[in-house]
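Colleague: pasted the sequence and its predicted model underneath.
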Amino acid sequence: MNDRKIPVIVGPTAVGKTEYAIRLAQALGGEIVSADSMQIYRFMDIGSAKPTAEERAAARHHLVDEIDPRTPFSAAEYSEMAKRCIGDIIERDRLPIVSGGTGLYVNALIYDMDFSRSPKDEALRRRCQEIAETMGNERLHGMLSELDPEAAARIHPNNVKKVIRAIEAAENGERIPSFENSFRPAKDYRYILLGLDRSRQELYDRINRRVDLMVDAGLEEEIRSLLDMGLTADDISMKGIGYKEMIDWLSGRCSRQEAVELIKRNSRRYAKRQMTWFRRYPDIRWFTLSEDPQNPDRFGEMLEYLEENGVGRREEKENL
């Protein structure tokens, strides 16, 4: 394994990853590599909470505004792009700092994942989807129980996408392993994970405020523009939280206020799932943030933790 250490900042939506990634980049001579499955799309600025122009001026960001939202994009493709990007940053004697909340994208970097196995069986996937839609998720989950009882015990019936993948794997004579046994540490670099968290109420308040700001900033107009480009609710890029709910409103399936409340609720639920995902990482150091001015800033602790793991403060060349 390369002895290069790469900081990776993870945590739930709206926790403050961008702010702290920028501060670390400024302190350590770094550039930020996004691990966000929505910010990588062009034209989807407001709903994905992309870094602002000021934030991008404060630290260089990569893998933001890279992919046309009408183009399918996978974690395997992200892995290739991110690793090329990290290599380029290192070649320029800068520090790559990965930051994002998409668990599968983070996995694609820190674990040695084999994306080549289990080729897609589109016909089987369509049949499974039809079973879930016409007979219910429990019926589909029952099929998995017959094929792979261990996988069925781990996967919730409502996680239809994962149930279908497990059925597909079982039909190909494979098994979906547990999280702990799924991946081996990546061979290229040593990734230093920093997890950001806040109290539940504070995080939920930040999420609610962010959604209100998105709506005020023109989320509706952004989505109308995307629909005018030919995108629909069926495009993967439009299934992100914020987009799918507003499309329901624009299609007359709910009121505007109901759509906004659904975005808030679904964002809070997503944050909970993110925390469940990231807390399974064995080698992660958590930093609980707070907006209370009486509580100390955790940034100094982050720097100390990185120094302990071989990522030291960088002297500015002009001061040498």
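Modeller: Cool, the structure landed. Numbers count the residues shown, from 1 in each chain.
Colleague: next, count neighbours for residue 38.
Modeller: 21 (other C-beta atoms under 10 Å). C-beta: built from backbone N, CA, C; applies to glycine.
Colleague: in what helix or strand does it lie?
Modeller: Using DSSP states H and E, residue 38 sits in no helix or strand.
Colleague: likewise for residue 97?
Modeller: Counting by DSSP H and E, residue 97 is part of strand 95-99.
Colleague: now the element after that strand, going C-ward?
Modeller: According to DSSP H and E, the helix or strand after strand 95-99 is helix 103-110.
Colleague: let's test this: mean pLDDT of that following helix, rounded?
Modeller: Averaged across helix 103-110, pLDDT comes to 90.
Colleague: and the helix or strand that it is followed by, how far out from the chain middle?
Modeller: Per DSSP H and E, the first helix or strand lying C-terminal to helix 103-110 is strand 111-112. In terms of C-alpha atoms, centre = their mean, to the nearest Å, the centre of strand 111-112 is set 16 Å apart from its chain centre.
Colleague: neighbouring strands - and their directions - for strand 111-112?
Modeller: strand 184-185 (antiparallel) (DSSP bridges).
Colleague: and the next helix-or-strand element following the strand it pairs with, how far out from the chain middle?
Modeller: Downstream of strand 184-185, the first helix or strand assigned by DSSP H and E is strand 190-197. Here strand 190-197 is found 14 Å from its chain centre; the criterion is C-alpha atoms, centre = their mean.
Colleague: repeat for stretch 268-275
Modeller: 11 Å.
Colleague: flag every buried residue along that stretch.
Modeller: Under the neighbour-count criterion of 16 or more other C-beta atoms under 10 Å, stretch 268-275 has 268, 270, 271, 274, 275 buried.
Colleague: would you map the strands across the protein?
Modeller: Assigned by DSSP state E, the chain shows strands spanning 5-10, 30-34, 61-62, 95-99, 111-112, 184-185, 190-197, 284-288.
Colleague: lowest-confidence stretch among the ones you listed?
Modeller: Mean pLDDT, when computed for each of the strands of the chain, is lowest for strand 184-185, at a mean of 74.
Colleague: identify the residue nearest the residue nearest to the spatial centre of the chain in space, chain neighbours excluded?
Modeller: The chain has residue 102 as the residue nearest its centroid, 1.2 Å off, counting by C-alpha atoms, centre = their mean. Excluding its sequence neighbours, the residue lying closest to residue 102 (C-beta to C-beta, 6 or more residues apart in numbering) is residue 37, at 4.2 Å.
Colleague: coming back round to it: who's in contact with the strand holding residue 97?
Modeller: Residues outside strand 95-99 that contact it (C-beta atoms under 8 Å, 6 or more residues apart in numbering): 6-10, 17-18, 21, 24-25, 28-35, 82, 85-86, 89-90, 106, 109, 191, 311, 314.
Colleague: now the buried members of the residues you listed.
Modeller: By 16+ other C-beta under 10 Å, these give 6-10, 17-18, 21, 24-25, 28, 30-35, 82, 85-86, 89, 106, 109, 191, 311 as buried.
Colleague: parallel or antiparallel, which strands does the strand holding residue 97 pair with?
Modeller: strand 5-10 (parallel), strand 30-34 (parallel).
Colleague: mind checking how far that strand is from the chain centre?
Modeller: 15 Å.
Colleague: relative to strand 190-197, how tilted is it?
Modeller: Taking axes from the mean of the first three to the mean of the last three C-alpha atoms, to 10 degrees, one finds strand 95-99 and strand 190-197 inclined to each other by 40 degrees.
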